[in-house]
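**Student:** what follows is a predicted structure for the sequence shown.
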Amino acid sequence: MRGRSRRAILFMPLITLAAGLIFPLFVLFQMGPTRAQAAEKPADDSSGDTAPVISQTAQPVAGTTDGVTIAVYFHEEDEIREVALEEYLVGVVAAEMPAAYHEEALKAQAVAARSYILNKQTELEKNPDRDNGHMGAVVCTNYAHCKAWCSDEECREKWGDSFVKYYTKIASAVAATSGEVMLYDSQPICAVFHAMSSGMTEDSENVWGGELPYLRSVESPGDLEADNFITTVTVPDKELKAKLMEADLGIDFSGHPSEWVTMVNLTDAGNVDTVKIGGVLVPGKKFRSLFSLRSTSFSLSYNSDDKLFTFTVKGYGHDVGMSQTGANYYAKNGMSYRDILTHYYTGVEFGKR
């Protein structure tokens, strides 16, 4: 394992924004690539299915994020670095949301990501000895655990000739919301988000087992209009049986494959809670993981002629918090970033940190 270190950050001006603001782009010394493909990964994967810490007992963050630095664990390099929060957020938003999205959606993404990071910081300050999965840093760059992040080089490669246009657009969204966070009971919230809901977002306890009052199920009609809203995954019956047997769940596969699945239990939001297969209740999340489904909003059918199971899947992600696709839909229809956020995060207020 490579040694961990805290390295200095060199800042240099890159782009003069339309308002005359010079927004610096940071360059990290000796930095290797993180994950270029993560730049287009949906938020679901960046938020991951890792359960957030369900707590609202940490003390509020004092002051403002201007000049604030945070410790970030760059997982592919196995290093912790101190970075300026507001500038780090530019790379997070660039990785988490398509730059072509509406400006109000990008602002909503910036506030959500900032709130998430400061929530993690307050939890770490309260429990400094807790193993948070990233070596004591506030957050990490592993999209499956925390938040994806896009370096300057990765953004240039991804955007090509549109780099200046898109960088300026995202930097403007971050600057326009500088220091702004969502609060519940005066605490920064754990503002998880995902790529696309099934038409309804999900209550947090149905995904991670912990209830948070601001992560409630709400309608997200814009997701239904997305081109890739529905996807299908076909699995031969022998492969489905083999994977479930390998999971050692005690399932009885003695009957005909068409008789294996006898019941599907849904949450109020329409996602699969459990599937009764071979007499055993299997969580929908287990099916999603084993068969690489885009969400737990799925139906399952069997074709005896082809001996294939077909999963028909709606949406993309864990379905909790803000839907990015839904946020862009609302933004294009005239909703402000604050209205978008208060729709997806129930009962929150806004503050400066």
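**Tutor:** Done, it's in. Numbering: from 1, shown residues only.
**Student:** chain neighbours aside, what residue packs nearest to Asp273?
**Tutor:** Asn265 (4.6 Å; CB to CB, 6 or more residues apart in numbering). Placement of C-beta: from N, CA and C, glycine included.
**Student:** can you pull the contacts of the one you found?
**Tutor:** Contacts for Asn265 (CB atoms under 8 Å, 6 or more residues apart in numbering) come out as Val272, Asp273, Thr274, Val275, Lys276, Leu281.
**Student:** out of those residues, grab the one that's most surrounded.
**Tutor:** The most crowded member of those, judged by other CB atoms under 10 Å, is Val272 (25 neighbours).
**Student:** residues in a beta bridge with that one, which ones?
**Tutor:** On the basis of DSSP bridges, Val272 is bridged to Leu266.
**Student:** quick one: it and Leu293 touch, right?
**Tutor:** No: counting by CB atoms under 8 Å, Val272 sits too far from Leu293 to count as a contact (9.3 Å).
**Student:** mind listing the shared neighbours of those two?
**Tutor:** Common neighbours of Val272 and Leu293, using CB under 8 Å, 6+ apart, are Phe287.
**Student:** ranges for the helices of the protein?
**Tutor:** Counting by DSSP state H, one finds helices in the chain at the ranges 43-47, 85-96, 103-126, 152-159, 163-176, 205-208, 237-246, 284-290, 324-332, 337-344.
**Student:** and of these, who's closest to Tyr214?
**Tutor:** helix 337-344 (9.2 Å; CB to CB).
**Student:** in that closest one, which residues are buried?
**Tutor:** Judged by neighbour count (16 or more other CB atoms under 10 Å), helix 337-344 contains these buried residues: Tyr337, Arg338, Ile340, Leu341, Thr342, His343, Tyr344.
**Student:** low-confidence ranges, the chain, go.
**Tutor:** The chain contains residues with pLDDT under 70 at 1-66.
**Student:** if we go to 50?
**Tutor:** Along the chain, the model assigns pLDDT under 50 to residues 1-51, 53-64.
**Student:** what's the domain layout of it?
**Tutor:** 9-197+320-352, 230-314 (automatic domain parsing).
**Student:** about what we covered before: can you list the buried residues of helix 337-344 in TSV and add distance to Lys241?
**Tutor:** Below are those laid out as TSV (distance: CB to CB, whole Å):
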residue	distance to Lys241
Tyr337	48
Arg338	50
Ile340	44
Leu341	44
Thr342	46
His343	43
Tyr344	39
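**Student:** list just the nearest of these to Asp223.
**Tutor:** Tyr344 (11.7 Å).
**Student:** dump the residue contacts of the residue lying closest to the closest one once chain neighbours are set aside.
**Tutor:** The shortest distance from Tyr344 to any non-neighbouring residue, by CB to CB, 6+ apart, is to Met322 (4.0 Å). Met322 is in contact with Ala43, Ala108, Gln109, Ala112, Ala191, Phe193, His194, Thr201, Ile340, Leu341, Tyr344, Tyr345, counting by CB under 8 Å, 6+ apart.
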